[in-house]
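Engineer: What follows is a predicted protein model with its sequence.
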Amino acid sequence: MDKKYIISIDQGTTSSRAVLFDMKSKSIKAVKNKQFRQIYPYPGWVEHDPEEIWHGQLEVIRDVIAESGIDASYISCIGIANQRETVVVWDKSTGKPIYNAIVWQCRRTADLCDKLKDEGLDQIIKKKTGLVIDAYFSGTKIKWILENVPGAKERANKGELLAGTIDSWLIWNLTGGKAHVTDYTNASRTMLFNITRLEWDEELLQHMGIPRAMLPHVVSSSGIAGYTSEEMLGVKIPISGIAGDQQAALFGQACFEVGTAKNTYGTGCFILMNIGKEPVKSEHNLINTIAWVIGDEVEYALEGSVFNAGSAIQWLRDEMRLIKTAHESQIEAEKVESTGGIYVVPAFTGLGAPYWDMYARGIIAGITRGTRREHIIRAALESIAYQSMDVLRVMKLDSGIELKELRVDGGACANSFLMQFQADILNINVKRPRIIETTALGAAYLAGLGSGLWNSKDEIQREWALDKIFIPCMSDEMRNEKYMGWKKAVERSMEWCK
Ligand SMILES: Nc1ncnc2c1ncn2[C@@H]1O[C@H](COP(=O)(O)OP(=O)(O)O)[C@@H](O)[C@H]1O
Ligand SMILES: O=P(O)(O)OC[C@H](O)CO
């Protein structure tokens, strides 16, 4: 096996990462990470600089190749996993963005979404796209750029502009402007894509005033979508795996059977359950999303997206300055027996599933004269587990499936206090795998399947390996009492800035 290496691109909300996997020894040969600026022009608005993302991403790809000392010609393929929903609109001839990327967390289109709801589009959008109307998804973000950047609408109508999620933006650049593509998982996050007919939806495009021609061609999550141009890495390498990062993590966790689920603890928390070949009807505000398309096979996932999780720990570190590192949150939380009855609801950018409240904002509830820094830190960590609990409770109702275990990954799953509390509050086993770079691993698997390094998902299934299992040990009484307090706190945070 000469070409035994795969590069995974994990383009996340706060950093761009490249991971070089040696698929023969099943190990990570090199990892590089580059953070980029978070731009907050107004309260509730979040932007990224697309050029900064692209240059940073290319730099870390080149770095992992250089650090591992391998020849780029031994790289079999590239897999891409990306922060989802975030959109870029760029000039087709110069390749320059016409505005910053509008990030999934950005709330600027809340009023556009209210308008869509007033026009009675809720059920139509749910049926076609599997989604609920929310500023989270890409559609209204593209609409906003077209309506607010001078001349953009006219230029889009003349076919001069292209739009896409971050996967499209990176692939466009990696291929030297040759490929304008996205995969089905990313398309399913736009609120413009029909997830059962597997095509861009003309009615929704017209409603939002988005010309079809500016959108990418949609391809399978596994299979060659294009080749890197020679000047990027010295050789042409096939890009043969693409998926939104949460779907990539579901794949990397080998959740291939119906009813298996994972939670990724990054900036937000994203709980996805494999629901098989058909979407299910959600009565509790979860969304249906495409898990992956491989060949002719389409699989769906039920998803609950929590907007703020690890970001609450970043907030403790960067704004509140209560901790110096994210890891310290565990040490501080373990210094106290409980939160002393307080709750942090980190609804910094509203609440996602199952509340979908664009106007909720963060609160700390139940403070007394005895409240200490450690209590606040502990409550912020616990809020991550409670929000995941909110999602998993309704997931059970919507899917009719009683989850037996939860597989976990993402930066914050390194926090064993949080993982134990998660097991306690859910009352199920929480399993942390040996490789927690699950998103990158999933992209590598998709790319490897797409270029023939693996032949089937069964082969991949056998590679999943356990690091640690967290077993619940909290009484029912205690669990119920704590969870009731959380629900009361959430109520207080809702509709805060309506
Ligand atoms: N030990 C830890 N305890 C709690 N949170 C952590 C810990 N380590 C990292 N995090 C949080 O995890 C997030 C980073 O995880 P990552 O998976 O890289 O996120 P993303 O892909 O969203 O950028 C940050 O928000 C950080 O605050
Ligand atoms: O960058 P992450 O890992 O927080 O993931 C962001 C999600 O894809 C948003 O839907």
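Structural biologist: Looks like it arrived, so ask away. Ligands and ions are numbered 1, 2, ... in the order given.
Engineer: residue contacts, the residue lying farthest from the centre of the chain?
Structural biologist: No residue in the chain sits farther from the centre than residue 369, which is 38.5 Å out by CA atoms, centre = their mean. Listed by CB atoms under 8 Å, 6 or more residues apart in numbering, the contact set of residue 369 is empty. Placement of C-beta: from N, CA and C, glycine included.
Engineer: do you know how far it is from ligand 1?
Structural biologist: 28 Å (CB to the nearest ligand atom, to the nearest Å).
Engineer: same deal with residue 113?
Structural biologist: For residue 113 relative to ligand 1 (CB to the nearest ligand atom), the value is 23 Å.
Engineer: Same question for residue 249.
Structural biologist: Distance from residue 249 to ligand 1, by CB to the nearest ligand atom: 9 Å.
Engineer: what about residue 31, neighbour count?
Structural biologist: 18 (other CB atoms under 10 Å).
Engineer: Hmm, I typed the wrong one, I wanted residue 101.
Structural biologist: Counted with other CB under 10 Å, residue 101 comes out at 27.
Engineer: mind checking how far the closest residue to it other than its chain neighbours is from residue 7?
Structural biologist: The shortest distance from residue 101 to any non-neighbouring residue, by CB to CB, 6 or more residues apart in numbering, is to residue 48 (4.4 Å). Distance check for residue 48 against residue 7: by CB to CB, to the nearest Å, it reads 22 Å.
Engineer: higher neighbour count, those two?
Structural biologist: Neighbours per residue, other CB under 10 Å: of residue 48 and residue 7, the larger number sits with residue 7, 29 against 22.
Engineer: from memory the more buried one sits against residue 81, does it?
Structural biologist: No. Using CB atoms under 8 Å, residue 7 makes no contact with residue 81, being 11.7 Å away.
Engineer: Just the element for the residue farthest from the centre of the chain, please.
Structural biologist: According to DSSP states H and E, residue 369 maps onto no helix or strand at all.
Engineer: Backbone dihedrals for it, please?
Structural biologist: Torsion angles at residue 369 (phi, psi; degrees, to the nearest 10) stand at phi -60, psi -20.
Engineer: Over to residue 206?
Structural biologist: The phi/psi pair for residue 206 (degrees, to the nearest 10) is phi -60, psi -40.
Engineer: Could you tell me how far it is located from residue 103?
Structural biologist: From residue 206 over to residue 103 (counting by CB to CB), the distance is 26 Å.
Engineer: One more: residue 446?
Structural biologist: 24 Å.
Engineer: For the two, indicate the residue with more neighbours.
Structural biologist: Legend: neighbour count by other CB under 10 Å for residue 446 and residue 103, higher for residue 446 (34 against 23).
Engineer: Let me know the secondary structure of that one.
Structural biologist: Three-state assignment for residue 446 (DSSP: H, G, I helix; E, B strand; the rest coil): helix.
Engineer: Likewise for residue 7?
Structural biologist: Residue 7 is classified as strand under three-state DSSP.
Engineer: show me the contacts for the closest residue to it other than its chain neighbours.
Structural biologist: Counting by CB to CB, 6+ apart, the nearest residue to residue 7 once its immediate chain neighbours are dropped is residue 78, at 4.9 Å. Going by CB under 8 Å, 6+ apart, residue 78 touches 6, 7, 8, 9, 174, 228, 237, 238, 239, 240, 241, 447.
Engineer: run the last query once more with 7 Å
Structural biologist: By CB atoms under 7 Å, 6 or more residues apart in numbering, the contact list for residue 78 reads 7, 9, 228, 237, 239, 447.
Engineer: distance of the residue farthest from the centre of the chain from residue 43?
Structural biologist: 30 Å.
Engineer: Which positions in this structure make contact with ligand 2?
Structural biologist: Neighbours of ligand 2 within the chain, by CB under 6 Å from any ligand atom: 12-13, 83-85, 104, 244-246, 266-268, 305.
Engineer: List the ones among the residues you listed that fall in helices.
Structural biologist: 245, 246 (DSSP state H).
Engineer: Just the residues of the chain next to ligand 2: which are in strands?
Structural biologist: Under the assignment DSSP state E, those contribute 244, 305 to strands.
Engineer: So which of the residues of the chain next to ligand 2 reach ligand 1?
Structural biologist: 12, 13, 266, 267.
Engineer: From the residues you listed, which shows the smallest pLDDT?
Structural biologist: For these, the model is least confident at residue 267; its pLDDT is 88.
Engineer: The nearest residue to it once chain neighbours are set aside and residue 485, how far apart?
Structural biologist: Of all residues beyond its chain neighbours, the one nearest residue 267 is residue 13 (4.4 Å), with distances taken as CB to CB, 6+ apart. As judged by CB to CB, residue 13 and residue 485 stand 29 Å apart.
Engineer: who's more crowded, the two?
Structural biologist: A count of neighbours by other CB under 10 Å puts residue 13 above the other of residue 13 and residue 485, at 22 against 17.
Engineer: OK, contacts around the more buried one?
Structural biologist: Contact analysis of residue 13 by CB under 7 Å, 6+ apart lists 83, 103, 267.
Engineer: Can you pull the phi and psi angles for the closest residue to the second one other than its chain neighbours?
Structural biologist: In space, not counting the residues next to it along the chain, residue 103 is nearest to residue 46; the distance is 4.1 Å by CB to CB, 6+ apart. Main-chain dihedrals, residue 46, degrees, to the nearest 10: phi -140, psi 130.
Engineer: same deal with the one 10 residues further on?
Structural biologist: In this entry, residue 56 is assigned phi and psi values of phi -60, psi -40 (degrees, to the nearest 10).
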